[in-house]
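Asks: With the input below, show me the fold.
(chains A and B)
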There are 2 protein chains.
Amino acid sequence: MKQSIKLTVDAVVFGYEAKTETISVLLVKRKYKPFQGKWALPGGFVLQEESLEDAVERELNEETGLQINYLEQLYTFGQPERDPRSRVVSVAYFGLIKPSNFKIAAATDAEDVQWFKTTELPKLSFDHDKILKLAIARLKGKITYEPIGFQLLDNKFPFSDLEKLYTTLLGRTIDRRNFRKKILSLNILDELDEKISRGSGRPANLFKFNKERYFQLKNEGIIFEI
Amino acid sequence: MKQSIKLTVDAVVFGYEAKTETISVLLVKRKYKPFQGKWALPGGFVLQEESLEDAVERELNEETGLQINYLEQLYTFGQPERDPRSRVVSVAYFGLIKPSNFKIAAATDAEDVQWFKTTELPKLSFDHDKILKLAIARLKGKITYEPIGFQLLDNKFPFSDLEKLYTTLLGRTIDRRNFRKKILSLNILDELDEKISRGSGRPANLFKFNKERYFQLKNEGIIFEI
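Replies: So this is what the prediction gives:
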């Protein structure tokens, strides 16, 4: 069998900051050819004896300093001409974090590492534009059948913060009343006996995720229309 | 870079027959080692210059005689010890067809090819049990946000046939009234001016898929709760 295909992993790490209501993606500037000096998704070659999950976590950590272990497999990109060096097939992973909870630092074959707003992206190397586009679509789809927000919002937050997370990720407005009703019916939030005042509106009740119930629903793959 | 990983593709082809209301999966009996004489998903090594989609369609055709070009990528399996020969990573694809529309015939490295009911499966080779399990879960999930049925049912069919398709795939009962309401509201069916008599019940109206609208919704990724 004359097959000589190399296998890489790439990571699409999205960041969401409630304060600025922006969604960003973590990119590295490539130190070496091909695409030297260009921005790309963090990633690299899978080692002979490591699992794909270990590979993507290791590469992400080596290149950006991020240490996260809950990336999800997105898709495998295998067009024969996608890498100018040779036949390279890449298994892409994605995840969503709160950037201010993590420190980033470029290392190994990354010359620089930065968060880019998804609305202000540079041209990416290889077929990474395509990978990122699919990751965005998958993220939007995912939040319609799986709860999100845990570890993205403050520990205690007004309901409007969760609503903003959804509208930001979806990139569109939602039926607010219906959304509140659906989310509350899932019992993933505990309403606290505390209020918060922001701006000129009346004080809003604070909520907290019910961790147990949240992860139970996440595992079951609940479905709800927004 | 000392990486020496081989890349394969595997196909999970599900079959649905309205008459028997069974869901089955296409398996091949392996002619060569490893797992010689054991059942496995059709699949094989990706050629150096072919895309992953071309590879899985070619392998499926070579081993089973099936010619289909609408398999969807399922997941990539890359545990280091999943193949006793060496490090082999497999990109799995899946699809759903109506078996009686196709002819199957074992060839190349398949000694035999057969449809197996998903309730009466043999032990599979490699990690194919795991691949199949994920494919079943994905299929169940998929039908909750994408219409299915086109080319699986007769050209004209009573609504109960579509209902049976869903209950069979989901493996559970559904709220019939709600289901009918949801499906009809999608406008993917054209109600015909014809009736069919089956058994002792009163004649039922026949429906036909509205192909244009069906594929429009499929591409948009509509979402509905069953």
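Asks: ok, the longest strand anywhere in chain A: who's next to it in the sheet?
Replies: Counting by DSSP state E, the longest strand found in chain A is strand A:6-17. Applying DSSP bridges to the sheet, strand A:6-17 is found paired with strand A:22-30 (antiparallel), strand A:43-45 (antiparallel), strand A:88-97 (parallel).
Asks: any idea of the mean pLDDT for that strand?
Replies: On average, the pLDDT along strand A:6-17 is 97.
Asks: Next, the buried residues of it.
Replies: Neighbour counts over strand A:6-17 (16 or more other CB atoms under 10 Å in any protein chain shown) mark A:6-16 as buried. (Each C-beta comes from the backbone N, C-alpha and C, glycine too.)
Asks: Next: stretch A:114-121.
Replies: A:115-116, A:118.
Asks: Serialize those residues to a markdown table and add fields for secondary structure and pLDDT.
Replies: Shown next, in a markdown table, are the buried residues of stretch A:114-121 (DSSP: H, G, I helix; E, B strand; the rest coil; pLDDT from 0 to 100):
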| residue | secondary structure | pLDDT |
| --- | --- | --- |
| A:Trp115 | strand | 97 |
| A:Phe116 | strand | 98 |
| A:Thr118 | coil | 94 |
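Asks: Now do A:Val13 against chain B, distance only.
Replies: Distance, A:Val13 to chain B, using CB to the nearest CB, to the nearest Å: 19 Å.
Asks: scratch that, A:Phe179 is what I was asking about
Replies: A:Phe179 is 14 Å from chain B, by CB to the nearest CB.
Asks: Three-state assignment for that residue, please.
Replies: At A:Phe179 the chain is in helix, as set by DSSP: H, G, I helix; E, B strand; the rest coil.
Asks: show me the contacts for the closest residue to A:Leu170 other than its chain neighbours.
Replies: Once flanking residues are discounted, A:Leu170 sits nearest to A:Lys140: 5.8 Å by CB to CB, 6 or more residues apart in numbering or on different chains. Contacts for A:Lys140 (CB atoms under 8 Å, 6 or more residues apart in numbering or on different chains) come out as A:169-171.
Asks: From the chain's centre, how far out is the worst-scoring helix or strand of chain A on mean pLDDT? Work that out for me.
Replies: When each helix and strand of chain A is scored by mean pLDDT, DSSP states H and E, helix A:211-220 comes last, with a mean of 88. Offset of helix A:211-220 from its chain centre (CA atoms, centre = their mean, to the nearest Å): 19 Å.
Asks: Any part of that helix near chain B?
Replies: No. Remark: helix A:211-220 sits outside contact range of chain B, by CB under 8 Å from any CB of the partner chain, the gap being at least 11.2 Å.
Asks: Which positions in stretch A:132-147 come out as buried?
Replies: Buried residues in stretch A:132-147 (16+ other CB under 10 Å): A:132, A:134-136, A:138-139, A:143, A:145, A:147.
Asks: Next step: those restricted to helices.
Replies: A:132, A:134-136, A:138-139 (DSSP state H).
Asks: pretty sure A:Glu111 is in a helix, no?
Replies: No. According to three-state DSSP, A:Glu111 belongs to no helix; its state is strand.
Asks: and A:Leu52, what does it touch?
Replies: A:9, A:46, A:73, A:91, B:76, B:78, B:89.
Asks: out of the residues you listed, who has the most neighbours?
Replies: The residue in the contacts of A:Leu52 with the most neighbours, by other CB atoms under 10 Å in any protein chain shown, is A:Val9 (30 neighbours).
Asks: out of everything not next to it in sequence, what's closest to that residue?
Replies: A:Val56 (4.0 Å).
Asks: so which helix or strand takes in the one you found?
Replies: Following DSSP states H and E, the helix or strand that holds A:Val56 is helix A:52-64.
Asks: what pairs with the very next helix or strand once past that helix, and is each one parallel or antiparallel?
Replies: Once the chain leaves helix A:52-64, the next helix or strand it forms, by DSSP H and E, is strand A:72-77. Using DSSP bridges, strand A:72-77 pairs in its sheet with strand A:88-97 (antiparallel).
Asks: for the strand it pairs with, the distance to its chain's centre please.
Replies: On CA atoms, centre = their mean, the centre of strand A:88-97 falls 10 Å from that of its chain.
Asks: Let me know the angle separating that strand from helix A:52-64.
Replies: 70 degrees (axes from the mean of the first three to the mean of the last three CA atoms, to 10 degrees).
Asks: how about strand A:88-97 as CSV, C-alpha atoms only?
Replies: Presented in CSV, the C-alpha positions along strand A:88-97 are these (Å, rounded to 0.1, in the frame of the first residue of the first chain):
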residue,chain,number,x,y,z
VAL,A,88,-2.2,16.3,4.7
VAL,A,89,-5.6,15.4,6.2
SER,A,90,-6.7,17.4,9.2
VAL,A,91,-9.1,16.6,11.9
ALA,A,92,-10.6,19.8,13.2
TYR,A,93,-11.9,20.3,16.8
PHE,A,94,-13.7,23.2,18.3
GLY,A,95,-14.6,24.7,21.7
LEU,A,96,-15.9,27.8,23.4
ILE,A,97,-14.2,29.5,26.3
